[in-house]
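Enquirer: Compute the structure for the input listed below.
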Amino acid sequence: MQWILGLVLAGLVFFALRYWASLAPEAKKRASWTLVLGVAGAVLLVLVLTGRIHLITAAVAAVIPLLRKVPALLRHLPILTRLVSGVKRDRNGPDERLRRAADGMSEREACEVLGVAPGCSREEVIAAHRRLMQKLHPDRGGNDYLAAQVNEAKRVLLARRPV
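Expert: All right, here's what the predicted structure looks like:
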């Protein structure tokens, strides 16, 4: 009976090594980690079932390989913080959020955004807008929020200037 079990085990080792040789280097790394963790889990299970190790100690030992995943979990921390704090995401999309953020801009705020004096002329507003949009336009490496702020500042100031 033991020689049959030995032959089966030798056959399994043969097929496992043949499979191992056909793997790509990255897949070999992943397979080796899976094998090591599987063997360690099996050893822990046998030790717990035979009473040679306490269950809590085995649980702590089983958690240790999961510590490799902590950096990946920390990447999701801002999402978790937002969920816990109760801040809701804007369902209308970023464009609607930008429009609402720019609504209600005062003339003083518009002058600060464009970098012009409060009593400036229409031409100065247009020149300041053009200069800033050349730097802040999303097609030139700027972002949507700043471009929306500059556009809104121009709209607010030109609405209050005579043609």
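
Enquirer: Retrieve the pLDDT associated with the nearest residue to Arg140 once chain neighbours are set aside.
Expert: Excluding the flanking residues, the one nearest Arg140 by C-beta to C-beta, 6 or more residues apart in numbering is Gln134, at 6.9 Å. The C-beta positions use only the backbone N, C-alpha and C, and glycine is treated the same way. Per-residue pLDDT puts Gln134 at 89.

Enquirer: what's the helix or strand for Gln134?
Expert: For Gln134, the host element (DSSP states H and E) is helix 122-136.

Enquirer: And Trp20, by the same measure?
Expert: Counting by DSSP H and E, the element that carries Trp20 is helix 2-21.

Enquirer: shouldn't the residue nearest to Arg140 be in contact with Gly141?
Expert: No - contact criterion C-beta atoms under 8 Å: Gln134 and Gly141 do not qualify, at 10.9 Å.

Enquirer: can you pull the buried residues of stretch 118-138?
Expert: Neighbour counts over stretch 118-138 (16 or more other C-beta atoms under 10 Å) mark Cys120, Glu124, Val125, Ala128, His129, Leu132, Met133, Leu136 as buried.

Enquirer: Run the chain-centre distance for the helix or strand that the helix holding Trp20 is followed by.
Expert: Later in the chain than helix 2-21, the nearest helix or strand by DSSP H and E is helix 25-49. Distance of helix 25-49 from the chain centroid (C-alpha atoms, centre = their mean, to the nearest Å) equals 29 Å.

Enquirer: For Glu107, see how far away Leu157 is.
Expert: For Leu157, the distance to Glu107 (C-beta to C-beta, to the nearest Å) stands at 7 Å.

Enquirer: the more surrounded of these two?
Expert: Between Leu157 and Glu107, counted using other C-beta atoms under 10 Å, the more crowded position is Leu157 (24 against 13).

Enquirer: Assess the claim that that one and Glu112 are in contact.
Expert: No - Leu157 lies out of contact with Glu112 (C-beta under 8 Å); the separation is 11.1 Å.

Enquirer: can I assume Ala128 is in contact with Leu114?
Expert: Yes - between Ala128 and Leu114 there is a contact under C-beta under 8 Å: 4.2 Å.

Enquirer: Which secondary structure element is home to Glu152?
Expert: Taking DSSP H and E as the criterion, Glu152 maps to helix 144-159.

Enquirer: So in this structure, where's the weakest helix or strand by average pLDDT?
Expert: helix 94-102 (a mean of 48; mean pLDDT, DSSP states H and E).

Enquirer: Great, nothing more from me.
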